[in-house]
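K.L.:
have a look; sequence and predicted model below, questions after that.
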Amino acid sequence: MSDDTAGSATAERGLKGATEALASFDESDAGAIRRVQAFLHQFPTSIPFIVLLLGVAIFSVAAPDKFFAPFNFSLVLQQVTIIAVLGVAQTLIILTAGIDLSVGAIMILCSVVMGRTAVVYGVPVLIAFPLGLLCGLACGIVNGLIVTMLRLPPFIVTLGTWSIFGALNVWYSRSETIRQQDMEAAAPFLQWTGTIFKPYDFFSKTLGLDWIFLKGWVLTYGSLVMLILAFIIWYVLNRTAFGRHIYATGDDPDAARLAGINTKRTLIAVYGLAGFICAIAAWVLIGRIGGVSPQAGQTANLDSITAVVIGGTSLFGGRGSIVGTLIGALIVGIFRNGLALSGLELLWQDFAVGVLIIVAVTIDQWIRRISA
C-alpha cells in the first residue's frame with residue numbers, strides 16, 4: 001500500500017471517528033433537552049415556581065429591609081387575592097382551549113347586584129347575596145351556551161358578552177357608587193371578606209403555638225376564601241371524573257368525544273362554574289374596597305389571563321394547574337411590589353409583566369414543539 005493510500009485511509013477513519021463522536025454528542029445533548037422537556041411537561045408549575053424564587057431573591061437584594069417586612073408580604077397577598085380568584089375561573093376556561101374576556105365584567109356586575117339589591121332596594125342580604133351568585137352562574141352559562149350551540153370562538157363570544165355585561169352593569173348601577181358606610185349599615189356580611197385578622201394571634205391564643213415568624217402578618221378573610229376555593233377546584237380537577245373530562249376536552253376534543261365524553265355539556269358546566277367563581281370574586285372585591293363601585297376592576301380581565309399564562313397553563317388547552325395560577329398571581333404581585341420598592345416607575349412594572357408573559361408563552365410553545 002502506498003503512503004498516499006495509507007494516509008487517505010487514516011484520514012477517513014479519523015473523519016469517521018470525529019463524525020461518530022459529534023453524533024454521539026448531539027444525541028446526548030438532544031437527550032438532555034428531551035429530559036428537560038419531559039420534566040417541564042410533567043411538572044408545569046416548576047418554571048413559575050423557579051421564577052417566583054428568583055424574583056424573591058432579586059428584590060431581597062434590591063430592597064432587603066422593606067421587601068422582607070411581614071406587612072409588605074401581607075400587602076402583596078391581599079393585592080393578588082382578587083386576581084387569584086379570577087385566575088382560578090380563567091384557568092378552567094383556558095384548560096378547555098378557550099379564553100374568557102368577560103370575567104372582570106361578570107365580577108363587577110355581580111358586586112353591583114349584591115350591593116345595590118341589599119343597600120338601595122333593602123332586600124335582606126340572605127337573598128341579595130345568593131342573587132349575586134346566581135347572576136355569575138347565569139352569565140357563565142350564557143357564555144357556554146353561545147360557545148357550544150353556535151360554535152363560535154370563545155374569544156369572540158366573551159368579547160361580545162364583555163360589552164353586554166358591562167352595559168348591564170351601567171344600567172343596573174346607574175353609575176352610582178355605594179359608600180362603605182352605607183354598606184356597613186345595611187349589609188355588613190358583604191364586607192366580611194375584607195375583615196383583617198392576625199395569624200400569630202390565632203395560633204398563639206387558640207392553639208398555644210408561639211410561631212414568631214408570623215408576627216406582623218396581617219391577612220383578610222378574602223385570602224382564606226381564595227385558598228379554600230383554590231383547594232376545592234384543585235380537588236375537582238385532579239380527583240374527579242369531571243376534572244379529567246376538562247383536561248381531555250382541552251387536549252383533544254375529537255378524541256374526548258370518541259371516548260364518550262359529552263364535550264358540549266362539559267364546556268357549559270365549565271363556563272357556568274367559572275361565572276360562579278367570578279361571583280365569589282365579587283364578594284371578595286366588595287370586602288377589599290369596602291363598598292361597591294361600577295368602575296372597579298377595570299384591568300381584571302387581562303390580569304387574570306396574565307396570572308394563568310405566567311403560571312404555566314397552556315393557552316392551547318389540556319395542560320396546567322390551579323397551583324400554577326396561584327404562583328403566577330404571586331409572581332405578578334411580587335414583581336410589581338419589588339419594582340415599586342426599588343424606586344422604579346409604574347411603566348417599568350408593566351414592562352416587566354409584559355416580558356414575563358412573552359417568556360411564559362415562548363416556553364409553552366417550546367415544550368409543545370419538542371414533544372411533538
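P.N.:
Good, I have the coordinates.
K.L.:
where along this protein do the strands fall?
P.N.:
196-197, 219-220 (DSSP state E).
K.L.:
which of those strands sits closest to residue 97?
P.N.:
strand 219-220 (34.2 Å; CB to CB). No exception for glycine: its C-beta is placed from N, CA and C like everyone else's.
K.L.:
what does the closest one contact?
P.N.:
74, 77-78, 81, 193-199, 287-288 (CB atoms under 8 Å, 6 or more residues apart in numbering).
K.L.:
and stretch 253-269, by the same measure?
P.N.:
For stretch 253-269, the external contacting residues (CB under 8 Å, 6+ apart) are 96-98, 141, 144-145, 147-149, 242, 245-246, 248-249.
K.L.:
the same query, at a cut-off of 6 Å, please.
P.N.:
For stretch 253-269, the surrounding residues in contact (CB atoms under 6 Å, 6 or more residues apart in numbering) are 96, 144, 148, 245, 248, 249.
K.L.:
weed out the non-buried ones from the contacts of strand 219-220.
P.N.:
74, 77, 78, 81, 193, 194, 198, 199, 287, 288 (16 or more other CB atoms under 10 Å).
K.L.:
related to what we said a few turns ago, pick the one among the contacts of stretch 253-269 closest to residue 350.
P.N.:
residue 96 (28.9 Å).
K.L.:
so who does the closest one touch?
P.N.:
249, 250, 267, 270, 317.
K.L.:
for the fourth one, give me the pLDDT.
P.N.:
According to the model's per-residue confidence, residue 270 sits at a pLDDT of 97.
K.L.:
quick one on the thing from earlier: can you pick the most crowded of the contacts of stretch 253-269?
P.N.:
residue 144 (28 neighbours; other CB atoms under 10 Å).
K.L.:
run a quick neighbour tally on the residue nearest to that one when sequence neighbours are not counted.
P.N.:
Among residues not flanking residue 144 along the chain, residue 271 sits closest, at 3.1 Å (CB to CB, 6 or more residues apart in numbering). Neighbour count of residue 271, defined by other CB under 10 Å: 31.
K.L.:
got the contact list for residue 270?
P.N.:
92, 96.
K.L.:
kindly recompute the last result at 10 Å.
P.N.:
Contacts for residue 270 (CB atoms under 10 Å, 6 or more residues apart in numbering) come out as 89, 92-93, 95-96, 98, 100, 140, 143-144, 147, 242, 245-246, 249-250.
K.L.:
which one of the residues you listed is nearest residue 159?
P.N.:
The closest of the contacts of residue 270, once distances to residue 159 are taken by CB to CB, is residue 100, at 9.9 Å.
K.L.:
doesn't residue 272 make contact with the closest one?
P.N.:
No: with contact defined as CB atoms under 10 Å, residue 100 does not count as touching residue 272 (11.7 Å).
K.L.:
more crowded one of the two?
P.N.:
Taking neighbours as other CB under 10 Å, residue 100 and residue 272 compare with residue 100 leading, 33 against 20.
K.L.:
all the helices of the stretch 1-150 of the chain, in order from the start?
P.N.:
For the stretch 1-150 of the chain, the helices defined by DSSP state H, counting those that start in this stretch cover 3-42, 46-62, 64-67, 70-95, 103-119, 125-149.
K.L.:
coming back round to it: now render the contacts of strand 219-220 as TSV, adding pLDDT.
P.N.:
Shown next, in TSV, are the contacts of strand 219-220 (pLDDT from 0 to 100):
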residue	pLDDT
74	84
77	88
78	87
81	94
193	94
194	92
195	91
196	88
197	84
198	81
199	78
287	94
288	92
